[in-house]
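**Student:** fold the following and give me the result.
(one chain, ligands or ions: 2)
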Amino acid sequence: MANAANNTNEKLNPIAVQITDMNKWYGEFNVLKNINLTVKRGERIVICGPSGSGKSTMIRCINRLEEHQKGSIVVDGIELTNDLKRIDEVRREVGMVFQHFNLFPHLTVLENCTLAPIWVRKMSKADATEKAMHFLKRVKIPEQANKYPGQLSGGQQQRVAIARALCMNPKIMLFDEPTSALDPEMVKEVLDTMVGLANDGMTMLCVTHEMGFARQVADRVIFMDAGQIVEMNEPNTFFSNPQHERTKLFLSQIL
Ligand code: ADP
Ligand code: MG
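**Tutor:** Ligands and ions are numbered 1, 2, ... in the order given. Predicted coordinates for the structure are as follows:
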């Protein structure tokens, strides 16, 4: 059972995400087929697989940026249905970082970080600013606070995106290929930030082909192909002894 001694307001659900027999269609196209996945609190999951295999769609379903049609998705005890209040609740708990940063270009770095805490969490501007500066320090760019996203490098923008997500105190972080749009010299600074988060115990689902990162922090690596979870294992076994031909082929292409 969950630790009942913890009497803060924080719900401590031992299961962060539970996906059961989940299917999604785009029109006639069955893009996700019978997905089953349980992510425990504090677990770090890396998701890999060929382009078009459904990785983005799957993690976008977890915060309802995409809607599934069959089966269930429960995030921290909240089932995702059409109930908009519940969707809002889930989105407040789940931070997401995209390939293309998706920062607001007309807002400063600081304003990008304080916007949602002020408007969604109803935090005071002073508190939101303090929190934003805390996380901008953590991603090692506090000196960029008053610049606009367009004035930063790709790696810096992605670290702002991570800081922005953290300002909402998420219980779960979703990453969709956060380094794949970056120049090679900037990949490490973003991965280092993610490793830091992982070491702090954040529950993370990361779509990435950075297999060094997977080896370093993942509790489990998932391989997806054609809308299915083909294989799931802890990294040592996953890399040294993949079970399925499709996994072997994929690994031979990227490693
Ligand atoms: P991945 O992230 O693994 O590259 P995606 O989840 O983006 O894969 O896409 C999975 C499949 O769904 C692909 O065949 C893609 O073309 C298709 N797809 C993605 N988004 C849409 C959409 N909005 N409408 C129709 N098909 C889509
Ligand atoms: Mg994708």
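
**Student:** report the distance from stretch 32-40 to the chain centre.
**Tutor:** For stretch 32-40, the distance from its own C-alpha centre to the chain's C-alpha centre is 15 Å (CA atoms, centre = their mean, to the nearest Å).

**Student:** who touches it?
**Tutor:** Contacts to stretch 32-40, defined as CB atoms under 8 Å, 6 or more residues apart in numbering, come from residues 14-24, 45, 54, 57-58, 61, 68, 71, 172, 203, 205, 222, 226-229, 232. Every residue, glycine included, has its C-beta placed from N, CA and C.

**Student:** 6 Å - rerun?
**Tutor:** Stretch 32-40 is contacted from outside by 16-19, 21-24, 45, 54, 57-58, 227-228, using CB atoms under 6 Å, 6 or more residues apart in numbering.

**Student:** what about the residues you listed, which are in strands?
**Tutor:** Among the contacts of stretch 32-40, DSSP state E puts Ala16, Val17, Gln18, Ile19, Asp21, Met22, Asn23, Lys24, Ile45, Gln228 in strands.

**Student:** need the contact list for Leu115.
**Tutor:** Contacts of Leu115 by CB under 6 Å, 6+ apart: none found.

**Student:** now do the SS call for it.
**Tutor:** At Leu115 the chain is in helix, as set by DSSP: H, G, I helix; E, B strand; the rest coil.

**Student:** for the protein, what lies in contact range of ligand 1?
**Tutor:** Counting by CB under 6 Å from any ligand atom, the positions of the chain adjacent to ligand 1 are Tyr26, Val31, Gly49, Ser51, Gly52, Ser53, Gly54, Lys55, Ser56, Thr57.

**Student:** next, count neighbours for the fifth one.
**Tutor:** It refers to Gly52. 12 (other CB atoms under 10 Å).

**Student:** just the third one next, same as before
**Tutor:** By the measure other CB under 10 Å, the count of residues near Gly49 is 24.

**Student:** what's it sitting at in phi/psi?
**Tutor:** Main-chain torsions, Gly49, degrees, to the nearest 10: phi 150, psi 160.

**Student:** wait, it sits on Gly227?
**Tutor:** No - taking contacts as CB atoms under 6 Å, Gly49 lies outside contact range of Gly227: 9.8 Å.

**Student:** please list all residues in contact with Gln156.
**Tutor:** Each residue near Gln156 by CB under 6 Å, 6+ apart is listed here: Ile141.

**Student:** what about 10 Å?
**Tutor:** By CB atoms under 10 Å, 6 or more residues apart in numbering, Gln156 lies in contact with Phe101, Val109, Val139, Lys140, Ile141, Gln144, Lys147, Pro149, Met186, Glu189, Val190.

**Student:** which among those count as buried?
**Tutor:** Listed as buried from these are Phe101, Val109, Val139, Ile141, Gln144, Pro149, Met186, Glu189, Val190; burial here means 16 or more other CB atoms under 10 Å.

**Student:** which of the residues you listed fall in helices?
**Tutor:** Secondary structure of the buried ones among the contacts of Gln156 is defined by DSSP state H; positions in helices are Val109, Met186, Glu189, Val190.
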